[in-house]
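Novice: Give me a model of this one.
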Amino acid sequence: MKKFFVLLVAIVALGFAANAQDAIGVRFGGGAGYGAELSYQKGLGSNRLEFDLGVSNFGGNDMEFNLAGAYHWSFNIVDNLNWYVGPGLNLDYCSNHGFGLGICGQIGIEYRFSFPLMVSIDARPTYRLLVPQGCGMGNFGWGACAAVRYCF
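Specialist: Next up, the predicted model:
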């Protein structure tokens with residue numbers, strides 16, 4: 001009886017987690033200036049906020065640290081498949097060169113499994129209003145990313 005109760009609690013908990021609004025994980029990307037990012041999503045009803053903290057290496061001794069935040073409008077395609085789009089801000093720090101600031105947009109597609117896991121691919125074009133001189137970044141950049149997140 002005790003095993004049955006534990007199994008029942010686990011199934012209910014997984015059901016709630018699969019419908020959860022928040023997620024944490026990793027984004028892996030390519031393109032201009034994107035590397036790996038730690039990613040957190042905070043659900044706001046059918047929409048959400050996403051915050052990503054990443055690091056990139058432009059070659060040599062320069063490292064870029066990146067904090068991006070975006071608001072997503074999310075739209076259901078079918079069952080657990082969604083697409084999203086939204087505006088955001090980007091703050092960069094390039095070692096030995098200083099800070100940068102930009103505006104960005106993000107568009108992507110995601111799939112939420114029946115267990116608490118989500119996978120997505122997206123693009124985040126960025127226009128930097130303030131560019132750290134000598135860091136190897138330009139005013140415009142974008143990268144395509146794939147992400148894996150745990151939903152809770």
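Novice: From here on, just use CA atoms for contacts and neighbour counts.
Specialist: Noted.
Novice: Just say helix, strand or coil for the nearest residue to residue 51 once chain neighbours are set aside.
Specialist: Nearest residue to residue 51, sequence neighbours excluded (Cα to Cα, 6 or more residues apart in numbering): residue 69, at 4.5 Å. For residue 69, the assignment made with DSSP: H, G, I helix; E, B strand; the rest coil gives strand.
Novice: Please report the distance of residue 69 from residue 81.
Specialist: 22 Å (Cα to Cα, to the nearest Å).
Novice: Counting neighbours around each, name which of these two comes out higher.
Specialist: Using other Cα atoms under 10 Å, the more surrounded residue of residue 69 and residue 81 is residue 69, with 22 against 16.
Novice: check contacts around the more buried one.
Specialist: Neighbouring residues of residue 69 by Cα atoms under 8 Å, 6 or more residues apart in numbering: 49-52, 88-90.
Novice: Buried members of those residues into PyMOL, please.
Specialist: A single PyMOL command selects the buried members of these (16 or more other Cα atoms under 10 Å):
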select buried, resi 49+50+51+52+88+89+90
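Novice: Now intersect the contacts of residue 69 with the strands, please.
Specialist: Cross-referencing the contacts of residue 69 against strands under DSSP state E gives 49-52, 88-90.
Novice: Count the neighbours of residue 149 for me.
Specialist: Residues near residue 149, counting by other Cα under 10 Å: 21.
Novice: Make sure it is actually in contact with residue 21.
Specialist: No - contact criterion Cα atoms under 8 Å: residue 149 and residue 21 do not qualify, at 11.7 Å.
Novice: Which residues are in contact with each of these two?
Specialist: Jointly contacting residue 149 and residue 21 under the rule Cα under 8 Å, 6+ apart is no residue at all.
Novice: Can you list the strands that the helix or strand that residue 56 is a member of pairs with?
Specialist: Per DSSP states H and E, residue 56 falls inside strand 47-57. Applying DSSP bridges to the sheet, strand 47-57 is found paired with strand 36-44 (antiparallel), strand 63-78 (antiparallel).
Novice: Now find how far off-centre that strand is within its chain.
Specialist: Between the centre of strand 47-57 and the centre of its chain there are 5 Å (Cα atoms, centre = their mean, to the nearest Å).
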